[in-house]
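Student: predicted coordinates and the sequence they were generated for:
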Amino acid sequence: MMKKLLLALLLASVIIACKPDNPVHVQMQLSNGYWFNGSDFEEKTVWIKDGTLSFNEKTVLSDTIIDLEGKYVIPPFAEAHNHNLESDYELEERINSYLDNGVFYVKHLSSIKKRMDSLIHFYNKPTGIDVSLAHAPLTGTGGHPIALRKRYLEYGYFDGLFNTLEEIETHGYFIIDTEADLESKWQRILSFQPDFIKINLLYSEEFQKRKNDTAYFGKKGLDPKLVPAIVAKAHNSNLRVSAHVATSHDFHVAVSSGVDEIAHLPEIHNGQPIDPKDANLAAKQGTVVVTTASLVTKNKERDNYQALVDNIRSNLETLKQAGVIVAVGSDMYNDNSVEEFQLLHSLEVYSNLELLKMWCENSATTTLPHRKVSFLKDGYEASFLVLDKNPLVNIKDVNQSIVLKVKQGSILN
């Protein structure tokens with residue numbers, strides 16, 4: 001027998017049926033809701049069947065009819081750049097923080113598979129967050145993140161896994177100095193089954209200067225001449241490439257080499273402009289740029305802090321004018337893309353519609369490009385957020401207006 005339930009009664013009944021690791025897919029009909037169509041909200045009746053959305057199921061008998069009472073439905077949010085899911089330290093709190101704020105998808109830009117293996121059961125399930133993983137990034141001798149791995153080794157974070165820095169190589173990073181290195185190590189790279197390839201470009205305009213200078217340990221990356229070969233190799237293996245960049249020249253090298261994603265807005269800490277020609281090429285290729293703009297807050301004590309913020313705004317305006325796809329990612333251990341989103345909102349570069357699409361559509365698509373997520377379309381995963389206010393009118397603190405979360409047809413508590 002069908003029941004017509006108000007939203008409050010739904011939370012008291014259907015959630016109970018959804019056990020944490022074995023959720024029950026309830027056939028639902030959702031009426032009187034306004035659904036985001038990519039440009040506006042439309043009042044629709046929508047059905048959930050076997051964990052997917054249907055916009056034409058009038059003959060299907062639903063277990064539950066939910067009256068959304070004029071509320072607004074959007075795709076879930078995503079965190080397109082972080083590194084905070086590799087440790088079991090306060091892991092449950094971090095996962096809950098993501099879910100509580102409507103962030104269902106996280107792109108983890110590098111990790112050590114040996115550490116992730118014991119935690120992977122927390123992820124990629126209907127009642128948890130979904131992650132995509134690069135595992136070990138590609139870098140040059142002495143490049144980022146080798147210094148970081150060395151520091152963590154000395155702190156004892158790798159006790160029981162590695163005893164020396166040399167043992168971490170191939171697990172925490174791959175050193176690629178030549179095309180011969182790339183060829184000989186490629187199968188080992190693939191053996192970790194990465195969802196995408198992460199490469200590190202840092203101050204590539206000074207590659208020769210920094211190459212053999214130990215003063216730049218951890219502050220350099222790949223030989224820029226190798227990037228096209230790496231991209232070609234990855235694409236031949238059906239893997240996308242995400243490039244860590246620091247400078248506008250790094251951005252130029254990455255875009256010119258055909259990478260799929262830029263993992264950082266360049267010049268966050270240096271304050272130089274992006275070349276509009278590179279922005280235009282990125283737009284033409286469909287290269288995604290992940291913001292990580294809130295990293296600038298680490299420079300608050302610097303005299304030029306406001307100038308850095310102004311440069312971030314200017315570079316985002318350059319990307320916007322070119323039509324570059326921009327996604328929301330923080331690269332901040334204690335963030336879940338919410339604070340990043342708030343910073344982007346405060347810069348007043350993008351409209352509410354553009355910000356919503358960046359956080360819902362662009363971020364999820366670049367995180368899980370082969371999944372039917374990020375849009376509320378027929379046949380797509382039944383994952384969405386129900387809001388009590390229209391985000392196109394007031395998007396500030398939009399995460400605080402969530403009244404219902406559904407992931408793959410399961411209602412999240």
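Tutor: In hand now; what should we look at? Residues are numbered from 1 along each chain as shown.
Student: got the phi and psi for residue 345?
Tutor: Dihedral pair for residue 345: phi -60, psi -40, per degrees, to the nearest 10.
Student: was I right about it contacting residue 355?
Tutor: Yes - using CB atoms under 8 Å, residue 345 is in contact with residue 355, at 6.1 Å. To be clear about C-beta, it is placed using only N, CA and C from the backbone, and glycine gets the same treatment.
Student: which neighbours do the two share?
Tutor: residue 395 (CB atoms under 8 Å, 6 or more residues apart in numbering).
Student: the more surrounded of the two?
Tutor: Higher neighbour count among residue 345 and residue 355: residue 355, with 21 against 17, using other CB atoms under 10 Å.
Student: Three-state assignment for the more buried one, please.
Tutor: Following DSSP: H, G, I helix; E, B strand; the rest coil, we place residue 355 in the helix state.
Student: contact partners for it?
Tutor: 341, 344, 345, 395.
Student: hmm, residue 114 is touching residue 168, no?
Tutor: No - taking contacts as CB under 8 Å, residue 114 lies outside contact range of residue 168: 9.6 Å.
Student: who has more neighbours, the two?
Tutor: Using other CB under 10 Å as the criterion, residue 114 and residue 168 rank with residue 168 on top: 22 against 16.
Student: residue 100 versus that one, what's the distance?
Tutor: 34 Å (CB to CB, to the nearest Å).
Student: residue 124 now?
Tutor: As judged by CB to CB, residue 124 and residue 100 stand 19 Å apart.
Student: using PDB, write out every CA atom in stretch 345-362.
Tutor: C-alpha atoms of stretch 345-362 as PDB (Å, rounded to 0.1, in the frame of the first residue of the first chain):
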ATOM      1  CA  HIS A 345      31.600  33.300  -3.600                       C
ATOM      2  CA  SER A 346      33.300  36.300  -1.800                       C
ATOM      3  CA  LEU A 347      35.400  37.100  -4.900                       C
ATOM      4  CA  GLU A 348      32.200  38.000  -6.800                       C
ATOM      5  CA  VAL A 349      33.600  36.700 -10.100                       C
ATOM      6  CA  TYR A 350      30.800  34.200 -10.800                       C
ATOM      7  CA  SER A 351      27.100  34.400 -10.700                       C
ATOM      8  CA  ASN A 352      25.100  32.100  -8.300                       C
ATOM      9  CA  LEU A 353      24.200  29.900 -11.300                       C
ATOM     10  CA  GLU A 354      27.800  29.600 -12.300                       C
ATOM     11  CA  LEU A 355      28.900  28.800  -8.800                       C
ATOM     12  CA  LEU A 356      26.200  26.200  -8.400                       C
ATOM     13  CA  LYS A 357      27.200  24.500 -11.700                       C
ATOM     14  CA  MET A 358      30.900  24.600 -10.600                       C
ATOM     15  CA  TRP A 359      30.300  22.800  -7.300                       C
ATOM     16  CA  CYS A 360      27.700  20.400  -8.500                       C
ATOM     17  CA  GLU A 361      28.300  19.600 -12.100                       C
ATOM     18  CA  ASN A 362      31.900  20.500 -13.000                       C
END
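Student: longest helix of this structure?
Tutor: Longest helix of the chain, by residue count under DSSP state H: helix 305-322.
Student: direction included, what does the helix or strand just after that one pair against?
Tutor: Past helix 305-322, further along toward the C-terminus, the next helix or strand under DSSP states H and E is strand 325-327. If you go by DSSP bridges, strand 325-327 pairs up with strand 288-290 (parallel).
Student: can you give me the domain assignment for this structure?
Tutor: 3-74+375-412, 77-367 (automatic domain parsing).
Student: mean pLDDT lowest for which of those domains?
Tutor: Among these, domain 3-74+375-412 has the lowest mean pLDDT, at a mean of 82.
Student: now do that domain: distance to the chain's middle.
Tutor: Relative to its chain's centre, domain 3-74+375-412 lies at 23 Å (CA atoms, centre = their mean, to the nearest Å).
Student: what of stretch 343-359?
Tutor: For stretch 343-359, the distance to the chain centre is 16 Å (CA atoms, centre = their mean).
Student: could you work out the end-to-end span of it for me?
Tutor: 13 Å (CA to CA, to the nearest Å).
Student: now do the buried residues in it.
Tutor: The neighbour-count check on stretch 343-359 (16 or more other CB atoms under 10 Å) flags 343, 344, 345, 347, 349, 350, 352, 355, 356, 357, 358, 359 as buried.
Student: which residue is the nearest non-sequential neighbour of the fifth one?
Tutor: Once its chain neighbours are removed from consideration, residue 349 has its nearest residue in residue 316; the separation is 4.6 Å (CB to CB, 6 or more residues apart in numbering).
Student: hang on, isn't that neighbour packed against residue 296?
Tutor: No - using CB under 8 Å, residue 316 is not in contact with residue 296; the gap is 11.8 Å.
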